[in-house]
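Undergrad: sequence? don't have it. structure:
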């Protein structure tokens with residue numbers, strides 16, 4: 001097993017960032033350990049093949065996460081949230097993290113896993129109507145949480161027709 005670590009790391013280092021490299025190396029070694037009886041005598045090519053598949057899984061996960069950021073950012077966000085840089089999605093993760101467990105789960109099933117309402121209902125073992133209502137409420141709560149992080153724009157404390 002030790003003989004495959006460096007070749008796998010070199011393979012991954014040329015194809016991804018250091019954090020993903022570490023994660024994929026760990027996953028690859030886990031697969032090798034679980035399938036120890038299947039590892040051929042010349043283990044390096046086989047291990048690199050496993051690493052290639054694990055890297056593909058990691059890249060799919062990253063794409064799903066980027067789609068989640070984009071989708072949540074476009075779900076009726078307050079105007080000032082639209083002004084955030086497109087690549088800055090940390091505020092969305094913070095907002096999702098502040099949701100109750102059930103609300104965060106249904107938003108993730110809808111946005112991250114790209115499930116429709118009937119599929120969400122099946123996963124949560126609820127009716128489609130209940131899933132519709134829960135998703136609607138969770139999205140509203142998410143908008144509120146996103147709005148908490150956004151700076152207040154415009155004049156505050158002045159009513160229409162009054163002067164400051």
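TA: Thanks, I have the structure now. Here the structure is a predicted model, which is why all the values come from computation and not from measurement. Numbering: from 1, shown residues only.
Undergrad: quick check: next helix or strand after the host helix or strand of residue 52?
TA: Element membership for residue 52 (DSSP states H and E) is helix 43-73. Scanning forward in sequence from helix 43-73 by DSSP H and E, the next helix or strand is helix 90-98.
Undergrad: show me what that next one is packed against.
TA: helix 43-73, helix 101-111, helix 128-149 (3 or more C-beta pairs under 8 Å, 6 or more residues apart in numbering; DSSP states H and E). C-beta here means a position set from N, CA and C on the backbone, and glycine is covered the same way.
Undergrad: what average pLDDT does that helix get?
TA: Mean pLDDT, computed over helix 90-98, is 79.
Undergrad: so that helix versus helix 101-111, what angle?
TA: Relative orientation of helix 90-98 and helix 101-111, computed by axes from the mean of the first three to the mean of the last three C-alpha atoms, to 10 degrees: 130 degrees.
Undergrad: buried residues, helix 90-98. List them.
TA: 91-92, 95-96, 98 (16 or more other C-beta atoms under 10 Å).
Undergrad: quick one: low-confidence parts of this structure?
TA: 1, 75-89, 149-164 (pLDDT under 70).
Undergrad: grab the most central residue of it for me.
TA: Nearest to the mean C-alpha position of the chain, by C-alpha atoms, centre = their mean, lies residue 65 at 3.1 Å.
Undergrad: touching, it and residue 113? I think so.
TA: No: Residue 65 lies out of contact with residue 113 (C-beta atoms under 8 Å); the separation is 11.3 Å.
Undergrad: give me the neighbour count for residue 59.
TA: 14 (other C-beta atoms under 10 Å).
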